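Student: next one to model:
(chains A and B)
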There are 2 protein chains.
Amino acid sequence: MEVVQVLHMNGGIGETSYANNSLVQAHALAAWGPFCNSLGALPISILPAHILEAERQKVISLTKPITEEAITNVYCSNLPRSLAIADLGCSSGPNTLFVVSELIKVVDKLRTKLGHDSPEYQVFLNDLPGNDFNTIFKSLPNFQKKMSYQLGPGAGPCLFSGTPGSFYGRLFPSKSLHFVHSSYSLQWLSQVPEGLANNKGNIYMASTSPPSVLRAYYEQFQRDFSMFLKCRAEELVAGGGMVLTILGRRNEDPSSKECCYIWELMAMALNDMVSEGLIEEEKMDSFNIPQYTPSPSEVKFEVLKGGHFSIDRLEVSAVKWNDYDNEFSPSDAFSDDGYSVAKCMRAVAEPLLVSHFGDAIIEEVFRRYREIIADRISKEKTQFINVTISVTKRG
Amino acid sequence: MEVVQVLHMNGGIGETSYANNSLVQAHALAAWGPFCNSLGALPISILPAHILEAERQKVISLTKPITEEAITNVYCSNLPRSLAIADLGCSSGPNTLFVVSELIKVVDKLRTKLGHDSPEYQVFLNDLPGNDFNTIFKSLPNFQKKMSYQLGPGAGPCLFSGTPGSFYGRLFPSKSLHFVHSSYSLQWLSQVPEGLANNKGNIYMASTSPPSVLRAYYEQFQRDFSMFLKCRAEELVAGGGMVLTILGRRNEDPSSKECCYIWELMAMALNDMVSEGLIEEEKMDSFNIPQYTPSPSEVKFEVLKGGHFSIDRLEVSAVKWNDYDNEFSPSDAFSDDGYSVAKCMRAVAEPLLVSHFGDAIIEEVFRRYREIIADRISKEKTQFINVTISVTKRG
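Tutor: Numbering: from 1, shown residues only, chains lettered A, B, ... in the order given. I've put the predicted structure just below:
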């Protein structure tokens, strides 16, 4: 399977599209944008809106300052006449444009305070070629009008381009970018690792995966992430900055439940269908998710090894998805959860599943997945872990 | 009607899509690319493939040298480490990528001859936000592989972005482009001119249009084209170049048959439907095509008035579409013409018609249009006129 061709969210604005399922409530987005705008948007998407609101302040206080600090440093140390920002893994949803608009607002406030003329803003929205860029592009004229109104007179033009392609290769000219942002995308690998033949019954790393499988996954992550860093190092100006938030884990065990559980539940649905003869066992055994959820030390190791960037921040944040016992009754809070979680996961995983299994089984997979999730999330406590790293390109 | 929202080719790759109708034969495209790749692709699209082949050498000799000369001058006088090329009005068809790939090949040959390291190539494909960028983007991975193979080792990466938006506004940062190409797009106006209430029974300028209508069209062209030149002057580096091919006319009369006939035939189909009560007369009277087909002197006048560019070339070329009496029998050559012409025009005009009249009448409009065209092109001689201008940004 060629990930670059297959991995994309469900496009358009229909019932099963990513745009309609990536976020439960537009209201909550504004605050959670930086956490929800990309390929792996599942952690936030599955949270009901009132829980998003309850967690809102905590997550903002954890990561919004990192991004603001980074773009502030980049602007002040470069003072570019034209500021080039790239959002890598932008996806196609209601908050695709949110992160960059927040970055632009920070810079505009700053340059006003410093008494500088506004830079021109050049924004590159990147995702794989299968991403639904048409929907983003159609929303741009209104978005640009709104931005222009919010920034007021004197602000430079906001010029948007879409750059299709894998961020595990070159996307932009040398020394052409000032700031790179990527949120919930870098956990996706460039390909399913080779050497997973022994991962039978699983679709991702799991507690039952043999060491060779865990090693194959980790080595693929190392190859991919070091290539990512090398390419961005070429594209960023000296003094340019990068803030990456990756779906990851705290634990050094790569098969830890905190990162693997959501896929184990999907494997259960698929295995049930295998045992009923609805899916061939061979098909199931050869299906693996091209993802790796790294620990902070694994991220740090690759950045230091590459030597292109200095590390300004490395932080971990957690998003709980069924641990609201103090505030809500779990059964109340998640009464509709099987449905909404499965629907959101479908927007993320359907292209991968269809590419491997065909589309005939999809409805049944997600019906079962929904039931399994509804059962589990009312009983268990689980967190999603975000690893956020802020780096500066060395001179 | 907001042209920026409505004007686009039929998307996708289905039967009525622009991609499937813009060009009769892939074989012929390679040579004719520069003439067919944009919004107003009708002139070439309606020519059967064997006639394209018959005219091939003449048109290449008329305009390919202009583009090659221009990009050669730009490369040699700037020697950029990264060469930024924009194709404005790229549309979405099999030859969207053809023009820029030819430009890159010219530069690569040149830098090899001169013994220089290859520049990196940054390509911006622009069209209105309603253009089908998804289809272009999905074709990019294979295209880039092919380019990489053709250029061979040592050539810089070819980095593609899509830039949605009207070229009658800013699209790129100041002094960021080296070369701008636009083919068969600039005849499209930013809006239907105001003051066309007296153009009853017509949908474009016509011999029966009152002077006020011709003036309204011309003034809209002047506003739009001068804005286009002003924006590109800001975006191009000093010494940067621009080659624009515009569907136009030779004659100084703006209602000349050489530019207006194709729309007069469509007006006939619509008027027939009005007289039969299938279209409301009011609807017909308020429908006008947002296009202006300028003469060489009108193009020259705006360029000189703006003062940003020096003119290197200004040439006119003609494409005959039913004057092959010497080589073919008209009835043979165009036996299928009503069908193929109407089908191609449909890819161009359907979004405009649907936006104004709704989609219920579309099948019937094009059925009638096809019959009218089949009747006319077997009897009359008509040419499409191309105005090509090559300019250099003043220092």
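Student: for chain A, what lies in contact range of chain B?
Tutor: Residues of chain A lying near chain B by C-beta under 8 Å from any C-beta of the partner chain: A:4-5, A:11, A:81-82, A:84, A:120, A:122, A:124, A:129-134, A:137-138, A:140-141, A:157, A:159-165, A:170-174, A:176. (Glycine included, C-beta is placed from N, CA and C.)
Student: for chain A, what spans make up the helices?
Tutor: For chain A, applying DSSP state H gives helices covering A:3-6, A:18-21, A:26-36, A:42-45, A:49-78, A:98-114, A:133-151, A:211-235, A:257-275, A:281-285, A:296-306, A:330-333, A:337-357, A:362-377.
Student: reformat these as a markdown table; add mean neighbour count.
Tutor: Listed next are the helices of chain A as a markdown table, based on neighbours: other C-beta atoms under 10 Å in any protein chain shown:
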| stretch | mean neighbour count |
| --- | --- |
| helix A:3-6 | 17 |
| helix A:18-21 | 23 |
| helix A:26-36 | 21 |
| helix A:42-45 | 24 |
| helix A:49-78 | 18 |
| helix A:98-114 | 18 |
| helix A:133-151 | 18 |
| helix A:211-235 | 19 |
| helix A:257-275 | 19 |
| helix A:281-285 | 15 |
| helix A:296-306 | 16 |
| helix A:330-333 | 14 |
| helix A:337-357 | 20 |
| helix A:362-377 | 18 |
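Student: now the ones you listed in CSV, with mean pLDDT and distance to B:L88?
Tutor: Shown next, in CSV, are the helices of chain A (pLDDT from 0 to 100; distance: least, C-beta to C-beta, whole Å):
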stretch, mean pLDDT, distance to B:L88
helix A:3-6, 58, 28
helix A:18-21, 47, 28
helix A:26-36, 28, 32
helix A:42-45, 30, 38
helix A:49-78, 68, 29
helix A:98-114, 93, 24
helix A:133-151, 95, 15
helix A:211-235, 98, 25
helix A:257-275, 92, 45
helix A:281-285, 95, 47
helix A:296-306, 98, 38
helix A:330-333, 42, 52
helix A:337-357, 78, 32
helix A:362-377, 89, 41
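Student: and these: which comes nearest B:V299?
Tutor: Checking the helices of chain A against B:V299 by C-beta to C-beta gives helix A:133-151 as the closest, at 27.7 Å.
Student: restricted to strands, list the residues of chain A next to chain B.
Tutor: Those of those mapping onto strands are A:82, A:84, A:120, A:122, A:124, A:159-164, per DSSP state E.
Student: that older thread, out of the helices of chain A, which is closest to B:A238?
Tutor: Going by C-beta to C-beta, the one of the helices of chain A nearest B:A238 is helix A:49-78, 23.2 Å.
Student: and A:S161, how far is that from A:V100?
Tutor: 12 Å (C-beta to C-beta, to the nearest Å).
Student: now swap in A:K200 and tell me
Tutor: A:K200 sits 43 Å away from A:V100, taking C-beta to C-beta as the criterion.
Student: then A:F301?
Tutor: A:F301 is 29 Å from A:V100, by C-beta to C-beta.
Student: check the gap between A:H178 and A:L236 for me.
Tutor: Distance from A:H178 to A:L236, by C-beta to C-beta: 7 Å.
Student: looking at these two, which one has more neighbours?
Tutor: Applying other C-beta atoms under 10 Å in any protein chain shown to A:H178 and A:L236 shows that A:L236 carries more neighbours, namely 28 against 25.
Student: give me the nearest residue to the more buried one, chain neighbours excluded.
Tutor: A:K393 (4.3 Å; C-beta to C-beta, 6 or more residues apart in numbering or on different chains).
Student: how many neighbours does that neighbour have?
Tutor: 23.
Student: bridged to it, which residues?
Tutor: A:F309 (DSSP bridges).
Student: residues in contact with it?
Tutor: A:233, A:236-242, A:308-309 (C-beta atoms under 8 Å, 6 or more residues apart in numbering or on different chains).
Student: at 10 Å what do you get?
Tutor: A:74, A:175, A:177-178, A:180, A:232-242, A:308-310 (C-beta atoms under 10 Å, 6 or more residues apart in numbering or on different chains).
Student: go on, A:E302?
Tutor: So A:E302 contacts A:221-229, A:294, A:389 (C-beta under 10 Å, 6+ apart).
Student: chain B: which of these is nearest?
Tutor: A:M227 (13.9 Å; C-beta to the nearest C-beta).
Student: which residue packs closest to the closest one, ignoring adjacent ones?
Tutor: A:Y168 (5.1 Å).
Student: where's A:R346 relative to A:S91, distance?
Tutor: 15 Å.
Student: tell me the residue in chain A that is farthest from the middle.
Tutor: A:G115 (35.7 Å; C-alpha atoms, centre = their mean).
Student: how far away is it from B:E194?
Tutor: Distance, A:G115 to B:E194, by C-beta to C-beta: 42 Å.
Student: ok, A:G277 next?
Tutor: 68 Å.
Student: also A:T67?
Tutor: 45 Å.
Student: try A:P210
Tutor: Counting by C-beta to C-beta, the gap from A:P210 to B:E194 is 73 Å.
Student: same check, this time on A:F167
Tutor: 46 Å.
Student: cool, A:E350 as well?
Tutor: 48 Å.
Student: if any of the residues of chain A next to chain B are buried, put those into a ChimeraX selection.
Tutor: Here is the ChimeraX selection string for the buried members of the residues of chain A next to chain B, based on 16 or more other C-beta atoms under 10 Å in any protein chain shown:
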select /A:4,11,82,84,120,122,124,129,130,131,132,133,134,137,138,140,141,157,159,160,161,162,163,164,165,170,171,172,173,174,176
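Student: what is the burial count for A:D253?
Tutor: Neighbours around A:D253, by other C-beta under 10 Å: 15.
Student: need the contact list for it.
Tutor: Contacts of A:D253 by C-beta under 10 Å, 6+ apart are A:205, A:207, A:214, A:259-260, A:295.
Student: spatially, which two of these are the most separated?
Tutor: A:S207 and A:S295 (16.5 Å).
Student: who's more crowded, those two?
Tutor: A:S295 (20 against 11).
Student: against B:D117, how distant is that one?
Tutor: Distance from A:S295 to B:D117, by C-beta to C-beta: 41 Å.
Student: what of A:V243?
Tutor: Note on A:V243: its distance to B:D117, by C-beta to C-beta, is 33 Å.
Student: and the two? Which one has more around it.
Tutor: More neighbours surround A:V243 than the other of A:V243 and B:D117, with 26 against 10 (other C-beta under 10 Å).
Student: still on that earlier bit, ok, the contacts of A:D253 vs chain B, which is closest?
Tutor: A:M205 (28.1 Å).
Student: so that closest one sits against A:N251, correct?
Tutor: No: taking contacts as C-beta atoms under 10 Å, A:M205 lies outside contact range of A:N251: 11.9 Å.
Student: not counting sequence-adjacent ones, nearest residue to A:P294?
Tutor: A:G248 is the one closest to A:P294 (C-beta to C-beta, 6+ apart), at 4.9 Å.
Student: A:A238 now?
Tutor: Spatial nearest neighbour of A:A238, excluding adjacent residues (C-beta to C-beta, 6+ apart): A:G395 at 4.1 Å.
Student: swap in A:P173?
Tutor: A:P173's closest residue in space is B:S82 (C-beta to C-beta, 6+ apart), at 3.8 Å.
Student: quick one: contacts for the one you found?
Tutor: Counted by C-beta under 10 Å, 6+ apart, B:S82 has contacts A:172-176, B:119-122, B:156-157, B:159, B:176, B:178.
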